[in-house]
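Undergrad: Quick check, what structure comes out for this input:
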Amino acid sequence: MTFNPLEQRGIPLDRQLRSWRELNVMPIDPDHCDPFTRCRIITMNGIEVEAILFSHQLARNTVDPEVKQQLARVRYIEAQQQKVVNWLLPGVSSVLETTIGYEQVAVDLTAWIARMEPDPYLKQAYQFGVLEDFDHLYRYANLYEMIEHRKAEAIVDGLTEVMPGRPTKFHHRNPVDNVREPYDKTQTDPLSKLHALTVMSAEQQTMNFYMNTGPTYMEPIARQLYQEIGLIEEEHVTHYESLVDPGETWWDQLVNHEYNECYLYYSFMEQESDPKVKSIWELHLNMELEHLRIACDMMRRYDGREPEEILAPELPNVLTFEPNKAYLRELLDTQMDLTTLGTGYVREAHERFEEMQEQIHGGEEPPSERVIAEHQEMFQREYRLETEGEHPVPAMREK
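TA: Residues are numbered from 1 along each chain as shown. Prediction:
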């Protein structure tokens, strides 16, 4: 079934305000929920946070009081949506359990987008990044068993494997080598714009989460691991945000944000297994249809252009959370040793890369290596979840 959000009528904005009682949603049960329900919740929280932050930035860069007021009206509703979505996560889950959920999102969301991305350069950017998040999942899973004496398989439920990716210690690159080439807004597929905005938003959320929750731990190895991976998440945000054409106007970006929210709420509504959560996706989709209509009207009024010039005539195929094990194993087998140089990718450890490695590690093993060593000392083994056989790279197999 085709779905063109530009032709759909949503809930009028003056009927979207909800009371405290309506915002007080029942969280999911972490022991019995579909892990991909948790992934959809985490993803949509990142999307809503990005929508709010972008709206604030636009408001700070306009002198028109009417624009500021209209943005404020929509933004308050977006803030209510973000609270509902994020409050679906249960308070009984620890920070580490939520972290493992975040990394499962980073792995399976980015892998799916890489599989579906039509542009070869953008596809490579997602393939490169996903192998790093895959390794982060492995490091946090080992920390989880060390600190909480529980196994990550209870969270990922065998849908996502847990084993080494590109080793985290090699993710620290000279900042200039994290900047990619942007797509051309006049030439790129509209789907590519949605992909770039989605992955950027998800990684931005993870960056923010780690920078704020990392110091809440007492265990030194936990504090250090969050600090290390938090720095890499900043690199990832730089990596993904640089894919977006900086020539897009504020109104291009506003319309793309609202269209992307419609796309994702529609996608998740179509596949959601939890009836209560599905009803929230459906409600928010109908709210976002109105937000998109308002954004399109603002583009016509203030930018003098029709939104149809930049948007797809109908939503793409739904974005799907599903296992990506075979695809990830193929990437592990072929791209583990990549790093970046300028806006491209190379296999050699070039001078800028080696200088950065020496400066930040100072000849010592970083926390991401020490957490595995400490886990091995505690349990006489690593934590892995290899459901499809041994690691595809012989050198990375557990000894």
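Undergrad: contacting residues around the closest residue to Tyr259 other than its chain neighbours?
TA: Leaving aside its sequence neighbours, Tyr259 sits nearest to Leu311 (CB to CB, 6 or more residues apart in numbering; 5.5 Å). From N, CA and C alone the C-beta is placed, and that goes for glycine too. Residues in contact with Leu311 (CB atoms under 8 Å, 6 or more residues apart in numbering) are 6, 190, 255-256, 259.
Undergrad: show me where this structure has strands.
TA: Along the chain, the segments classed as strands by DSSP state E run 339-341, 344-346.
Undergrad: Spatially central residue in this protein, please.
TA: Closest to where the C-alpha atoms of the chain average out (CA atoms, centre = their mean) is Ala202, at 2.1 Å.
Undergrad: In contact with the residue lying closest to it once chain neighbours are set aside: list those residues for me.
TA: Nearest non-adjacent residue to Ala202, counting by CB to CB, 6+ apart: Gly46, 4.6 Å away. Contacts for Gly46 were tallied using CB under 8 Å, 6+ apart; they are 201-202, 204-206.
Undergrad: Going by neighbour count, list what's buried in stretch 92-102.
TA: Using 16 or more other CB atoms under 10 Å as the test for burial, stretch 92-102 gives 93, 95-102.
Undergrad: do stretch 8-23 as well
TA: For stretch 8-23, a neighbour-count test (16+ other CB under 10 Å) marks 8, 10-11, 13, 16, 18 as buried.
Undergrad: Apart from its neighbours in sequence, what residue is nearest Arg38?
TA: Arg38 sits nearest to Gly101 (CB to CB, 6+ apart), 5.0 Å away.
Undergrad: measure the one you found to His149 for me?
TA: Using CB to CB, to the nearest Å, Gly101 is found at 19 Å from His149.
Undergrad: contacting residues for the residue nearest to Thr110 when sequence neighbours are not counted?
TA: Among residues not flanking Thr110 along the chain, Val130 sits closest, at 4.2 Å (CB to CB, 6+ apart). By CB under 8 Å, 6+ apart, Val130 lies in contact with 106-107, 110-111, 114, 328, 331.
Undergrad: same thing with Thr198?
TA: Listed by CB under 8 Å, 6+ apart, the contact set of Thr198 reads 43, 47, 109, 113, 260, 264, 319.
Undergrad: go with 10 Å
TA: 43, 46-47, 50, 109-110, 113, 240, 260, 263-264, 319 (CB atoms under 10 Å, 6 or more residues apart in numbering).
Undergrad: Now the residues you listed in TSV, please, with extra columns for pLDDT and distance to Tyr183.
TA: Shown next, in TSV, are those (pLDDT from 0 to 100; distance: CB to CB, whole Å):
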residue	pLDDT	distance to Tyr183
Thr43	98	21
Gly46	98	21
Ile47	98	19
Glu50	98	18
Leu109	98	19
Thr110	98	17
Ile113	98	14
Tyr240	98	12
Asn260	98	15
Tyr263	98	17
Leu264	98	19
Leu319	97	18
